[in-house]
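**Student:** A structural model of the following input is requested.
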Amino acid sequence: MLLTSALWGLAGAGILGNAVLGSLVLCPRCKMISTNLVRLPKTAIGRGEIALTFDDGPDAEVTLQVLDQLDLHSAKASFFCIGEKVAARPDLVAEIIRRGHSVENHSYNHRNLFALGSAKNLKIEVIATQQAIHSANSGSSPKFFRAPFGFRSPLLGGVLRQTRLQHVAWTRRGYDAVCRNPDAVLRRLVHKLSAGDILLLHDGRSARTRNGQPVVLEVLPRLLERCASHGLRSVSLPMAFSDAQFL
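**Tutor:** Residues are numbered from 1 along each chain as shown. This is a model prediction of the structure:
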């Protein structure tokens, strides 16, 4: 009887442990699994900086228009690109770099089950994307990584340490990949907007408004105007962390 109770206790503890671990994996802004940036450093805050980050590109239709809007406001940003899209359109990656922005690592295939991969497979995806981006811009490799959907395996931290990458989440996101209402997306992004914020948008896989316009293209000009009115300047992640230690 005592043995049976002990076994049931161990089983219960295992189930509870898996449940806790699962909840951490599905928490993009959590810092308990491994280091995770959700805001810019104090030095960047002191300069009144925020970071606009764009996921899931490059996109043949949207990325160049995003770049044009950033240029109009003298804003810089970081683009978390998917490796296979980089390999397909290295010219877009080169253009992002040419205009003074940074290109960062967002995995090679953006698999839905990325967080469940083995350490070996995670490393393969990370390195393949590093190589694709390096080849596209003939320069330095990314210093930052963002997991697909922000879901991180406990194994990912070790892979990122080996490849000298820092995981970046966000302070807030607008859900512009799923929400078709630009007003709602903008409200989420500017709620309590302040220096040090990292904002997540999408130049790839952007949702569409009812008239077929990518949501990000309707939100971005208004967001940049709001930032300017608050005295905030958008910079790329390497710019924000140029004088900060994070690895």
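**Student:** Where is the longest strand in the protein?
**Tutor:** Criterion DSSP state E: the longest strand present in the chain is strand 49-57.
**Student:** quick one: pLDDT of the residue most central in space within the chain?
**Tutor:** The centroid of the chain falls nearest to residue 146 when counting by Cα atoms, centre = their mean (4.3 Å). On pLDDT, residue 146 comes in at 98.
**Student:** Give me the phi and psi for the residue nearest to it when sequence neighbours are not counted.
**Tutor:** Nearest non-adjacent residue to residue 146, counting by Cβ to Cβ, 6 or more residues apart in numbering: residue 80, 4.6 Å away. The C-beta positions use only the backbone N, C-alpha and C, and glycine is treated the same way. Main-chain torsions, residue 80, degrees, to the nearest 10: phi -90, psi 100.
**Student:** re earlier: now do the longest strand of the chain: which elements does it pack against?
**Tutor:** helix 63-72, strand 77-81, strand 198-202, helix 215-229, strand 233-234, helix 237-240 (3 or more Cβ pairs under 8 Å, 6 or more residues apart in numbering; DSSP states H and E).
**Student:** ok, the residue nearest to residue 146 - how many residues close by?
**Tutor:** 29 (other Cβ atoms under 10 Å).
**Student:** just checking, it touches residue 54?
**Tutor:** Yes - using Cβ atoms under 8 Å, residue 80 makes contact with residue 54 at a distance of 6.9 Å.
**Student:** Let me know how buried residue 243 is, in neighbour terms.
**Tutor:** 10.
**Student:** Return the residues in contact with it.
**Tutor:** residue 43 (Cβ atoms under 8 Å, 6 or more residues apart in numbering).
**Student:** and it, that's in a helix?
**Tutor:** No - per DSSP: H, G, I helix; E, B strand; the rest coil, residue 243 lies outside any helix segment and is coil.
**Student:** quick one: it and residue 169, what's the gap?
**Tutor:** 21 Å (Cβ to Cβ, to the nearest Å).
**Student:** Also residue 235?
**Tutor:** 17 Å.
**Student:** Among these two, which residue is more densely surrounded?
**Tutor:** residue 235 (25 against 21).
**Student:** wait, isn't the more buried one in contact with residue 76?
**Tutor:** Yes - contact criterion Cβ under 8 Å: residue 235 and residue 76 qualify, at 5.0 Å.
**Student:** what's the neighbour count on the closest residue to residue 135 other than its chain neighbours?
**Tutor:** Closest residue to residue 135 apart from its sequence neighbours, by Cβ to Cβ, 6+ apart: residue 90 at 6.8 Å. For residue 90, the count of nearby residues is 17 (other Cβ under 10 Å).
**Student:** who are the neighbours in contact with residue 90?
**Tutor:** 132, 135, 136, 137.
**Student:** export these to CSV and tack on neighbour count, secondary structure and distance to residue 157?
**Tutor:** Shown next, in CSV, are these (neighbours: other Cβ atoms under 10 Å; DSSP: H, G, I helix; E, B strand; the rest coil; distance: Cβ to Cβ, whole Å):
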residue, neighbour count, secondary structure, distance to residue 157
132, 24, helix, 23
135, 14, helix, 26
136, 23, helix, 27
137, 20, helix, 26
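**Student:** Give the intersection of the neighbour lists for residue 235 and residue 76.
**Tutor:** With Cβ under 8 Å, 6+ apart, residue 235 and residue 76 have no common neighbours.
**Student:** all helices for this structure, in order.
**Tutor:** Here the chain has its helices, by DSSP state H, at 2-25, 42-46, 63-72, 83-88, 90-98, 119-137, 156-162, 182-190, 215-229, 237-240.
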